[in-house]
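**Student:** Could you look at this predicted model? Sequence included:
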Amino acid sequence: MADPRGAAALHWIIGLLDEQQIPYQIVGGLAARAYGARRPLADIDIYVPDEGALDAIGSAAEGHLVATPRRHRDAHWDLTFLELRPHGWTVELAAASSARVWDRRVQTWRPAEIRFELGEERTAAGVDLLVMPRRQLVDYKNGLGRAVDLVDLVELGEISHPIRIGSKVERKSPELPRFVTVPEERAAHLGLTRTAMVEISVDGRDIGRRSLKPWGGERDVWFFELTRDHADAGDWDTADVVALEIRRADESLPAEAYTLLHHRTDAAETWAALTPSRRRMIAEDVRSAKRAATRERRARKHLLGG
């Protein structure tokens, strides 16, 4: 850690956890740095077993207490956490037993599922740490999908951001839309395992956010559809060879939809009945509106029927 305040805070909190014999796992940006990422940090994130552990830590760290344990829910987390500020640096500790994380890939909450006995031993700022296992951390950050998570995944070598390839415009028949394929091994560089939203430019022309889907079956490729408007604007036709630049897109749930889901039971029930693909379509429709009032109106239409 480049900032000496962060290093001092890390020494202090790990010493306190060891002294109190409280199991823990480092998560978030510090965990990514422990595996080789370089993004500057603003805080230290740690899971401990439960609310009882938070109470014990709060009592032992009374002089550094910013906020007592409280429930917090936003677009990404639903958990109980404790905030400390030793050496002028923010340390947030969460109770793993009741924590949930929003997975934007399937648009639903998932339990944190922290197994403390599987923590990997790493060193940061001269401190020996127990860190969330790398494979779980990668899945955790892929699920969150915020800009900082994508940066960490790139720096960990889990995704190449962006990928640049040449491909061909294809079409199965005149009545169907044109499409462009991406080899499976190149899609893997984006960290994709299922249909996801990406940002694409074709021959240097930005065509915005598109759904990149696995072909399945007879072809080991992924593909995206090229709309008629985009094809006409770029003067692209079937069999043309094009240069692609593809990057992962932010797939977090728009705030307007999130607010309805967490404050209206009927909206949450509607959402729960939807397939993952339908959830992605709704999220994209809401996100595409430029004005907040329009995004809110679209969210209400999809989730409340009006």
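**Tutor:** Received it, and whenever you're ready, just let me know what you need.
**Student:** where in the stretch 1-150 of the chain is pLDDT low?
**Tutor:** In the predicted model of the stretch 1-150 of the chain, residues 1-2 satisfy pLDDT under 70.
**Student:** ranges for the helices of it?
**Tutor:** Secondary structure of the stretch 1-150 of the chain (DSSP state H, counting those that start in this stretch): helices at 4-20, 28-34, 51-60, 134-144, 147-155.
**Student:** Make JSON lines from those helices and add mean neighbour count to it.
**Tutor:** To be clear about C-beta, it is placed using only N, CA and C from the backbone, and glycine gets the same treatment. Rendered in JSON lines, the data for those read as follows (neighbours: other CB atoms under 10 Å):
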{"stretch": "helix 4-20", "mean neighbour count": "17"}
{"stretch": "helix 28-34", "mean neighbour count": "24"}
{"stretch": "helix 51-60", "mean neighbour count": "17"}
{"stretch": "helix 134-144", "mean neighbour count": "20"}
{"stretch": "helix 147-155", "mean neighbour count": "19"}
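**Student:** Got the phi and psi for the residue of the chain positioned farthest from its centre?
**Tutor:** Computed with CA atoms, centre = their mean, the residue of the chain farthest from its C-alpha average is P174, at 38.0 Å. With angles defined as degrees, to the nearest 10, P174 sits at phi -60, psi -30.
**Student:** ok, the residue lying closest to I114 once chain neighbours are set aside - contacts?
**Tutor:** In space, and not counting its chain neighbours, I114 is closest to A96: 3.8 Å by CB to CB, 6 or more residues apart in numbering. A96 makes contact with Q25, Y47, V48, P49, D50, A112, I114, F116, according to CB atoms under 8 Å, 6 or more residues apart in numbering.
**Student:** and the gap between the residue farthest from the centre of the chain and G216?
**Tutor:** As judged by CB to CB, to the nearest Å, P174 and G216 stand 24 Å apart.
**Student:** Over to A267?
**Tutor:** Separation of A267 from G216 (CB to CB): 32 Å.
**Student:** of those two, who's got more company?
**Tutor:** A267 (20 against 9; other CB atoms under 10 Å).
**Student:** Does the more buried one lie in a helix or a strand, and which?
**Tutor:** helix 265-272 (DSSP states H and E).
**Student:** Report all helices and strands that that helix contacts.
**Tutor:** Helix 265-272 is packed against helix 255-263, helix 292-304, with contacts defined by 3 or more CB pairs under 8 Å, 6 or more residues apart in numbering; DSSP states H and E.
**Student:** Tell me the spacing between the spatially closest residue to K141 that is not a sequence neighbour and G58.
**Tutor:** With CB to CB, 6+ apart as the criterion, K141 has its nearest non-adjacent residue at 3.9 Å, and that residue is D149. Noted for D149: a distance of 28 Å to G58, by CB to CB.
**Student:** Any idea how many residues pack against the residue nearest to E296 when sequence neighbours are not counted?
**Tutor:** Nearest non-adjacent residue to E296, counting by CB to CB, 6+ apart: E256, 4.5 Å away. Look at E256: counted by other CB under 10 Å, it has 20 neighbours.
**Student:** correct me, but E256 touches A292?
**Tutor:** Yes. At 7.0 Å, E256 and A292 qualify as touching, with contact defined as CB atoms under 8 Å.
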